[in-house]
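K.L.:
Let me see the structure of the following:
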Amino acid sequence: MLRSLPSSLHTIEDKFNRHMIPLVALMGLSAGLVVAYLVTTGDWPIALGLLVALPAFVLLHRYPFAALIIWFSLTPFLVQTNSGSVRRLYWVIHRALPPTTVAIILLSAWLKVHKRKLPKLGMPELLMVGYIAVSLVSIIYVIGNNAAGNSLVHQLLNGLDSYGDKKIFVLYDRVFIPMCLYFIVRLTKPKEADLKRLLPVIAFVLVSQSIIGILSWAAPQTLPSAWLNRAGSRTSGSLDHYSVFTSTIMLCSILLLQSAYNHNLHKTIRLGYIFMFILGVFMIFLSFSRGSWLACFIVIIGLFTLYPKKMAKIGTFAISIFIVLLSTGFLSQQADYAQERFYSSQSEESALSRLPVVYASLRMLEAKPLLGWGYGDFDKYDYQFQARVGDLVSPKQDHASHNLYLTILAEQGIVGFFFYLMPVVWWLALSVKAYPKLPTEGFWSRKLLVIFWLVLLFHFVVNNFSNMRVVYGLGLWWITLGFIGAMVSRSLSTEPSQLEARS
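P.N.:
Model (predicted):
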């Protein structure tokens, strides 16, 4: 009887295949008809999504770090658009891909269908979840106060579209999705090989955003209108805001510089990466953002401490190029505008006009220090708190906030501010402990950890002069912190000799 079992199984398998082939063919035909219909009706992004859904699932299951590569490379061109089709693609890449990837990683580990061992998460991740919870409570609490006789549930179900510009969707875009990107980095435990795979994408983003930035000055008619909101005054690439543009450029520039000095690259590629770093610094200059100039200056000082002789050579070469461009008149308009940004009365007035908003932020915090005035409600209340600042300036109009951290303090109080910044403080403390255990030389080394902290320092300085709201910049903040967490957690759980062998 046992001998006849294999033949019986083969018979059952044959019957199963004979019955499944027509079903699979029918499913394929149906899927083809659905895709064809979607294409003819103009919904080609949905059709494309159906076609790539299964291969994408397999890719994300086998190599979830690919989601980060896809998001990093495509999102810069999707955040600002006038096209409905591109907006749908934004939904897929930004709003769907990161949480789906996190879900696949966790589900694969729970079902034990992948040998990947998840790292132990700790206090930083708990604090991040706490910030999301605090923000949700802030939104719901304010909705409840504005219910005007209706129940809170009724407001949530029926009044969300009209209240606070859909604050829950804003929270999803600006907080939840960027934190999902952090969790992708942490859960995949990237190594040097993973970051190397990201380097070509980093180079692509730097060069493409630089080209878009230069065209916005030289030939704005060649660019989509959605990318030209600051053409002729600031350089923002396709990223809508100069602070996000400069933060992106700085991240790409110094990672390429770190690779150029610590990888066994072909001479042409190494020189190319160094030129891209110089290009990045030049594009930050073209942003004409004084906060970004200050942040870039601080980061360059940090790079001089890491590579003093090499940075001296790069600085000499870059200054020589800049002098040549000025002498030929190629940058005469930009040089005059840069001087105006520093010394003109208009520039002074622009800087002083922000003081009443800063003063309003502090007064809002004083009035409600614990929980603040509600997530996303700064612009709703700030003008009533603005007042004359000494003999310097009086509030003439309601300016927007130019400080991310003061905005968080005013909107969410000390509690929200604590949960937002404590993950950074936690990883900074652990970085000090992990630093001696990292390799002294190489790409994945102490210098790379310092590089990542310089990126966050750039963000921190810039965010003191602008309220970063563009999702790409917020995503880069949490991605960088995720890499810091990956480096630190691995170094603290591994002997130095083993770490050097693996890196």
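
K.L.:
Centre of the chain to stretch 64-81, how far?
P.N.:
9 Å (CA atoms, centre = their mean, to the nearest Å).

K.L.:
now stretch 127-144
P.N.:
21 Å.

K.L.:
cool, stretch 319-334 as well?
P.N.:
In this view, stretch 319-334 has its centroid 33 Å away from the chain centroid, taken as CA atoms, centre = their mean.

K.L.:
What residues sit buried inside that stretch?
P.N.:
322, 331, 334 (16 or more other CB atoms under 10 Å). Glycine gets a C-beta too; all of them are placed from N, C-alpha and C.

K.L.:
Export those residues as TSV, with columns for distance to residue 97, pLDDT and secondary structure.
P.N.:
Shown next, in TSV, are those (distance: CB to CB, whole Å; pLDDT from 0 to 100; DSSP: H, G, I helix; E, B strand; the rest coil):
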residue	distance to residue 97	pLDDT	secondary structure
322	40	86	helix
331	40	77	coil
334	37	79	helix
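
K.L.:
which one of the residues you listed is nearest residue 416?
P.N.:
Of all these, residue 334 has the smallest distance to residue 416: 39.6 Å, by CB to CB.

K.L.:
ok, of the buried residues of stretch 319-334, which one's closest to residue 489?
P.N.:
residue 322 (41.5 Å).

K.L.:
Okay, the closest one and residue 338: tell me how far apart.
P.N.:
With distances taken as CB to CB, to the nearest Å, residue 322 is found 11 Å from residue 338.

K.L.:
now residue 448
P.N.:
For residue 448 relative to residue 338 (CB to CB), the value is 32 Å.

K.L.:
Tell me which of the two has more neighbours.
P.N.:
Shown here are residue 448 and residue 338; by other CB atoms under 10 Å, residue 448 has more neighbours (25 against 16).

K.L.:
in which helix or strand would I find that one?
P.N.:
helix 446-463 (DSSP states H and E).

K.L.:
could I get that helix in PDB with only the CA atoms?
P.N.:
Extracted C-alpha coordinates of helix 446-463, given in PDB (Å, rounded to 0.1, in the frame of the first residue of the first chain):
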ATOM      1  CA  ARG A 446      33.700  55.700  12.500                       C
ATOM      2  CA  LYS A 447      33.900  58.400   9.800                       C
ATOM      3  CA  LEU A 448      30.600  57.200   8.200                       C
ATOM      4  CA  LEU A 449      28.900  57.500  11.600                       C
ATOM      5  CA  VAL A 450      30.200  61.100  11.900                       C
ATOM      6  CA  ILE A 451      29.000  61.700   8.300                       C
ATOM      7  CA  PHE A 452      25.400  60.600   9.200                       C
ATOM      8  CA  TRP A 453      25.500  62.900  12.300                       C
ATOM      9  CA  LEU A 454      26.700  65.800  10.100                       C
ATOM     10  CA  VAL A 455      23.600  65.200   7.900                       C
ATOM     11  CA  LEU A 456      21.300  65.500  10.900                       C
ATOM     12  CA  LEU A 457      23.200  68.500  12.100                       C
ATOM     13  CA  PHE A 458      22.600  70.100   8.700                       C
ATOM     14  CA  HIS A 459      18.900  69.300   9.000                       C
ATOM     15  CA  PHE A 460      18.800  70.700  12.600                       C
ATOM     16  CA  VAL A 461      20.400  74.100  11.600                       C
ATOM     17  CA  VAL A 462      18.200  74.400   8.500                       C
ATOM     18  CA  ASN A 463      15.100  73.600  10.500                       C
END
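
K.L.:
after it comes which helix or strand?
P.N.:
In the C-terminal direction, the helix or strand that comes right after helix 446-463 (DSSP H and E) is helix 471-492.

K.L.:
same for that next one, what does it pack against?
P.N.:
When contacts are defined as 3 or more CB pairs under 8 Å, 6 or more residues apart in numbering; DSSP states H and E, helix 471-492 packs onto helix 65-74, helix 177-188, helix 242-262, helix 404-434, helix 446-463.

K.L.:
For that helix, what is the distance to the chain centroid?
P.N.:
The answer for helix 471-492 is 10 Å, by CA atoms, centre = their mean.

K.L.:
Stretch 431-449 too?
P.N.:
For stretch 431-449, the separation from the chain centroid amounts to 24 Å (computed by CA atoms, centre = their mean).
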